[in-house]
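[1] got a structure for you, letters missing:
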């Protein structure tokens with residue numbers, strides 16, 4: 001499996017092993033340093049503070065005991081008050097150190113000792129507060145002193161012994177932590193030394209294996225391989241490449257095979273370069289003739305393209321003219337349609353006027369009838385006035401005036417009726433003429449539409465002709481362009497042939513640099 005890997009993969013594998021060993025070494029070092037740090041932190045943050053606080057508590061209980069002695073030995077009230085105050089201050093100090101120590105308890109054994117101490121200390125303080133202190137404040141100093149030195153001393157010594165045991169336990173724990181830290185140091189030193197030795201051995205083995213493998217892959221020392229490559233680069237193919245043993249897979253063996261292949265290729269290229277030079281000369285001559293004929297064909301196509309372009313321009317002009325005529329015909333059709341609509345409106349208006357004239361004539365007839373009836377009524381009124389004699393003269397005068405007005409109204413109504421009748425006749429004649437004009441306009445519109453349709457057909461045909469000729473023009477232009485491109489390609493081919501001829505000569509000159517075995 002390892003032999004199938006590439007050189008890069010093998011080098012990466014070797015360095016990866018070294019990196020893993022270094023990582024292992026660093027991991028072991030970090031692990032042991034972490035253990036040492038934990039031990040140190042345990043000593044600095046647990047055992048030493050516990051011992052310190054227990055020492056303070058021991059001093060506090062001793063000072064409280066001394067304050068109680070002062071309280072018992074005080075003879076007057078001021079002295080007792082000073083002793084009470086001192087006892088209170090020392091009790092506060094005790095409580096402060098007690099609270100600090102309780103937070104540092106870590107083991108069940110230490111907790112049990114502390115619980116035992118607090119129970120015994122409580123019994124001592126209860127004895128002092130319920131027995132000793134009342135006797136001292138009552139002036140019974142001797143009895144208080146006897147109780148304090150008797151039962152009180154026993155209780156105090158029992159509590160202080162437990163506190164000393166707790167202190168010894170924390171001192172012993174600190175010593176054990178120091179021993180464990182030293183053991184961790186010894187183990188870490190052994191681990192680091194062992195891993196370092198293994199890393200050095202593995203590094204030496206990997207260096208030997210890697211260097212040997214690199215030499216086998218190259219096929220020899222890099223200086224020897226470099227010299228062989230320099231000779232081949234200088235064109236010397238005559239010197240054989242020496243291999244070490246049965247080497248067939250190294251770089252040097254590949255260089256040997258490359259040298260053999262180069263000998264064969266250079267010999268074949270040298271023999272083929274002369275044939276290429278001869279063939280390229282013949283191709284160049286044929287390309288020159290083809291280029292001349294292609295240029296003549298391109299000239300003819302250019303003339304054809306110019307003629308087609310002129311015809312395209314003429315057809316396009318005709319198409320534009322037909323399009324303009326179509327637009328004019330469309331405009332005329334629209335104007336004629338509008339004229340027909342206006343004439344239709346005039347016909348409708350004349351019909352309305354004729355109807356209104358008939359209605360006026362009817363109204364005039366009514367007015368004429370009213371004048372006739374009024375005249376008859378005035379005549380009757382005159383007759384009745386004549387019968388009335390003198391009494392009807394005024395009424396006769398009014399009847400005469402009414403009759404006169406009725407006659408004039410009848411005369412005016414007959415005249416208006418005559419005029420209206422004449423107007424109705426003329427309006428009817430005008431309506432017939434307008435109807436005839438509307439019919440004529442309709443015929444004109446139909447003819448204009450027919451002309452517009454014909455112009456549309458002419459325009460479409462002209463556009464199709466223009467499009468067809470444009471396509472012909474495009475095709476001819478493309479053919480012209482293709483012919484010109486062919487001519488350019490022929491010229492390029494001729495130039496390439498000339499270049500091939502010169503390159504063949506240079507190839508012969510270049511191949512002659514190599515020194516073959518027959519030329520030594």
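    Nice, I can see it. Every value quoted in this text rests on a predicted model; they were computed, and no experiment measured them. Numbering: from 1, shown residues only.

[2] Give the next helix or strand downstream of whichever strand or helix holds residue 358.
    Counting by DSSP states H and E, the element that carries residue 358 is helix 251-388. Elements were assigned by DSSP H and E; along the chain past helix 251-388, the next helix or strand is helix 393-511.

[3] so what does that next one touch, helix or strand wise?
    helix 251-388 (3 or more Cβ pairs under 8 Å, 6 or more residues apart in numbering; DSSP states H and E). In short, each C-beta sits where N, CA and C put it, glycine included.

[4] and the spatially closest residue to residue 160 that is not a sequence neighbour, what is it in contact with?
    Computed as Cβ to Cβ, 6 or more residues apart in numbering, the closest residue to residue 160 that is not its neighbour in sequence is residue 61, at 6.3 Å. Residues near residue 61 by Cβ atoms under 8 Å, 6 or more residues apart in numbering: 94, 121, 156, 159-160, 163.

[5] Between those residues, which sits nearest residue 312?
    residue 94 (122.1 Å; Cβ to Cβ).

[6] Pull the number of nearby residues for the nearest residue to that closest one once chain neighbours are set aside.
    When the adjacent residues along the chain are set aside, residue 94 lies closest to residue 60, with 4.0 Å between them (Cβ to Cβ, 6+ apart). Each residue near residue 60 was counted by other Cβ atoms under 10 Å, and the total is 20.

[7] now do residue 33
    Neighbours of residue 33 using other Cβ under 10 Å come to 13.

[8] cool, and residue 53?
    Count around residue 53 with other Cβ under 10 Å applied: 22.

[9] how about the helix or strand where it lies: buried residues?
    Using DSSP H and E, residue 53 falls within helix 48-73. Neighbour-count burial for helix 48-73 flags 48-51, 53-54, 56-58, 60-61, 63-65, 67-68, 70-72 (criterion: 16 or more other Cβ atoms under 10 Å).

[10] for the record, mean pLDDT for it?
    The average pLDDT within helix 48-73 is 80.

[11] same deal with stretch 372-386?
    76.

[12] likewise stretch 113-121?
    So the average pLDDT for stretch 113-121 ends up being 89.

[13] Quick one: residues in contact with it.
    Under Cβ under 8 Å, 6+ apart, the answer for stretch 113-121 is 61, 101-102, 105, 155, 158-159, 162-163, 165-166, 169.

[14] Kindly reformat these as TSV containing secondary structure and distance to residue 359.
    Putting the contacts of stretch 113-121 into TSV (DSSP: H, G, I helix; E, B strand; the rest coil; distance: Cβ to Cβ, whole Å) gives the following:
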residue	secondary structure	distance to residue 359
61	helix	141
101	helix	131
102	helix	127
105	coil	129
155	helix	146
158	helix	146
159	helix	142
162	helix	142
163	helix	141
165	helix	143
166	helix	138
169	helix	139
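
[15] Which members of those define the maximum pairwise distance?
    105 and 155 (23.3 Å).

[16] Could you check how far residue 312 is from residue 320?
    12 Å (Cβ to Cβ, to the nearest Å).

[17] what about the two, which has more around it?
    Of the pair residue 312 and residue 320, residue 312 is the one with more neighbours under other Cβ under 10 Å, namely 20 against 14.

[18] sorry, back to before: quick one, what contacts the residue nearest to residue 94?
    With Cβ under 8 Å, 6+ apart, residue 60 has these contacts: 90, 93-94, 97.

[19] For stretch 11-24, which residues meet the burial criterion?
    Quick answer for stretch 11-24 (16+ other Cβ under 10 Å): 14, 21.

[20] chain center to it: distance?
    In terms of Cα atoms, centre = their mean, to the nearest Å, the centre of stretch 11-24 is found 41 Å from the chain centre.

[21] for stretch 118-133, same thing?
    80 Å.

[22] Now do the buried residues in it.
    So for stretch 118-133, counting by 16+ other Cβ under 10 Å, buried means 120-121, 124-125, 127-128, 131-133.

[23] give the contact list for residue 398.
    Contacts of residue 398 by Cβ under 8 Å, 6+ apart are residue 381.

[24] how about 10 Å then?
    378, 381-382, 385 (Cβ atoms under 10 Å, 6 or more residues apart in numbering).

[25] What's the separation between it and residue 371?
    17 Å.

[26] Out of the contacts of residue 60, which end up buried?
    The buried subset of the contacts of residue 60 (16+ other Cβ under 10 Å) comprises 90, 94, 97.
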